[in-house]
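Undergrad: Pasting the sequence and the predicted coordinates here, then a few questions.
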Amino acid sequence: MFSKYLRLIGLGLATLSITLLFSFNFTATAQQPLTVTLVSYAVTQSAYSKIIPKFTAEWKKKTGQNVVFRQSYAGSGTQTKAIINGLEADVAALALAGDTKKVEKAGLIKPGWESRAPNNAIVTKSVMTFITREKGVKPRKWSDLVNENVKVITANPKTSGGAQWNFLGLWGSVALNGGTEAQARSFVERIYGNIPVPQLPKDAREASDVFYKRGRGNVLLNYENEAILAKKKGSKVPFYVPTDYNISIDNPVAVVDKNVDKHGTRKVAEAFVQFLFTPEAQREFASVGFRSTNPQVAKEFASQYPAVKKLVTVKDFGGWGEIQSQFFADKAIFDQINRKRG
């Protein structure tokens, strides 16, 4: 009888041990952090370094789940190719909708991604700016860039979304501002022919290094947000935002459907995209130089951003499909102009 009692106790302890072990393993599994991969273009890193900790803290508070972000930053064109070729981004925050459309065309993002986020998925805006040196030329309008003394630095639009915006800004300053396409081509050819480096930088970050660290050129074409951020960090390099004409640089964000379904990260990835449009996240974008898409936040930071009299958009160029075929496809206008540089 006593031995039978001991056996029952032993069975009970064994059952308890199995239960505790199962409970421990379940808890450990439940507490494992979820990894989300954000792939973005080079100049957004300073903003996301502030936004991601805010989101992960909020997600932890709401769900009890830890989220870790893998982050990749490079030229938008380079990032687009990387995602298509196997970089498993859960969220793609690229410099232009044309690049996001390429990822969609590759079958990684479902059509209609623009409607699945606020503001047609445009998360930030910027405009073009002319960054100069403390002593030297001071271009205030686009036509000033064809002065022989002006040596422009810009990245390669075949690898950089930012450089595509630069090219469109230059072209549109003539073609969409009272001039003809022939005059626009001549204007852009003169500027690219005067670039003082044989090989165009691959992205906006490298273009900045060529200008600041290597001391090449005397005007850097760049996003307004880059100039503002540099000023906040103590730079005394002057910059000028052309306000008679400029181009609205609209930056989209999208969940990469094929990858989030593969990784089991759809819920958190979609929540992150939605978080980017909140006033909290938009203030972080605005604080580092991006023009906010949130009217309330835009009003708060209005003094930081000069108004532009004629602000054109991608639609004025016929949309990204037309832009790619006319300007940036193989043997299209940019290739023809770049070939003349030798």
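TA: Now that the structure is in, tell me what you want to look at.
Undergrad: Give me the helices and strands touching whichever strand or helix holds Phe55, please.
TA: Phe55 is located in helix 45-63, with elements delineated by DSSP states H and E. In this structure, helix 45-63 makes packing contacts with strand 34-41, strand 67-74, helix 266-275, helix 279-287, judged by 3 or more C-beta pairs under 8 Å, 6 or more residues apart in numbering; DSSP states H and E. All C-beta atoms are positioned from the backbone trio N, CA, C, and that covers glycine.
Undergrad: Quick one: the helices in the stretch 101-250 of the chain, in order.
TA: With DSSP state H, counting those that start in this stretch, the ranges of helices along the stretch 101-250 of the chain come out as 161-175, 181-193, 204-212, 224-232.
Undergrad: what comes up buried for the last one?
TA: Of the residues in helix 224-232, those with enough neighbours to count as buried (16 or more other C-beta atoms under 10 Å) are Glu224, Asn225, Glu226, Ala227, Ile228, Leu229, Ala230.
Undergrad: count of neighbours near Ala106?
TA: 14 (other C-beta atoms under 10 Å).
Undergrad: check contacts around it.
TA: Ala106 sits next to Ile83, Ile84 when contact means C-beta atoms under 8 Å, 6 or more residues apart in numbering.
Undergrad: any idea how far Phe272 is from it?
TA: Ala106 sits 22 Å away from Phe272, going by C-beta to C-beta, to the nearest Å.
Undergrad: related to what we said a few turns ago, winner for burial among the helices of the stretch 101-250 of the chain?
TA: Mean neighbour count (mean count of other C-beta atoms under 10 Å) peaks for helix 161-175 among those, with a mean of 25.
Undergrad: and the angle for that one with helix 224-232?
TA: 110 degrees (axes from the mean of the first three to the mean of the last three C-alpha atoms, to 10 degrees).
Undergrad: Look up how far Gln183 lies from Ala227.
TA: Ala227 is 28 Å from Gln183, by C-beta to C-beta.
Undergrad: My guess is Tyr48 contacts Tyr41. True?
TA: No. Tyr48 lies out of contact with Tyr41 (C-beta atoms under 8 Å); the separation is 10.8 Å.
Undergrad: What's opposite Val36 in the beta bridge?
TA: Beta-bridge partners for Val36, by DSSP bridges, are Phe69.
Undergrad: Around it, count how many other residues there are.
TA: 24.
Undergrad: Dump the buried residues of helix 224-232 to JSON lines, plus distance to Gly264 and pLDDT.
TA: Compiled in JSON lines, the buried residues of helix 224-232 are given as follows (distance: C-beta to C-beta, whole Å; pLDDT from 0 to 100):
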{"residue": "Glu224", "distance to Gly264": "38", "pLDDT": "92"}
{"residue": "Asn225", "distance to Gly264": "34", "pLDDT": "87"}
{"residue": "Glu226", "distance to Gly264": "36", "pLDDT": "82"}
{"residue": "Ala227", "distance to Gly264": "41", "pLDDT": "87"}
{"residue": "Ile228", "distance to Gly264": "38", "pLDDT": "87"}
{"residue": "Leu229", "distance to Gly264": "35", "pLDDT": "81"}
{"residue": "Ala230", "distance to Gly264": "40", "pLDDT": "81"}
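Undergrad: buried set for stretch 326-338?
TA: Residues of stretch 326-338 classed as buried by neighbour count (16+ other C-beta under 10 Å): Phe327, Phe328, Ile333, Phe334, Ile337, Asn338.
Undergrad: Which one of those is nearest to Lys138?
TA: Ranked by distance to Lys138 (C-beta to C-beta), the buried residues of stretch 326-338 are led by Ile337 at 26.0 Å.
Undergrad: Contacts only, for the nearest residue to Thr180 once chain neighbours are set aside.
TA: Nearest non-adjacent residue to Thr180, counting by C-beta to C-beta, 6 or more residues apart in numbering: Val174, 7.8 Å away. Neighbour list for Val174: Trp142, Thr180, Gln183, Ala184, Phe187, Val188 [criterion: C-beta under 8 Å, 6+ apart].
Undergrad: Determine which two of those are furthest apart.
TA: Trp142 and Thr180 (15.4 Å).
Undergrad: So if I had to pick from these two, which one is more boxed in?
TA: Neighbours were counted for Trp142 and for Thr180 using other C-beta under 10 Å; Trp142 has more, 21 against 10.
Undergrad: so how far is Phe167 from the closest residue in space to the more buried one that isn't next to it in sequence?
TA: Closest residue to Trp142 apart from its sequence neighbours, by C-beta to C-beta, 6+ apart: Ser173 at 3.7 Å. Applying C-beta to C-beta, the value for Ser173 to Phe167 is 11 Å.
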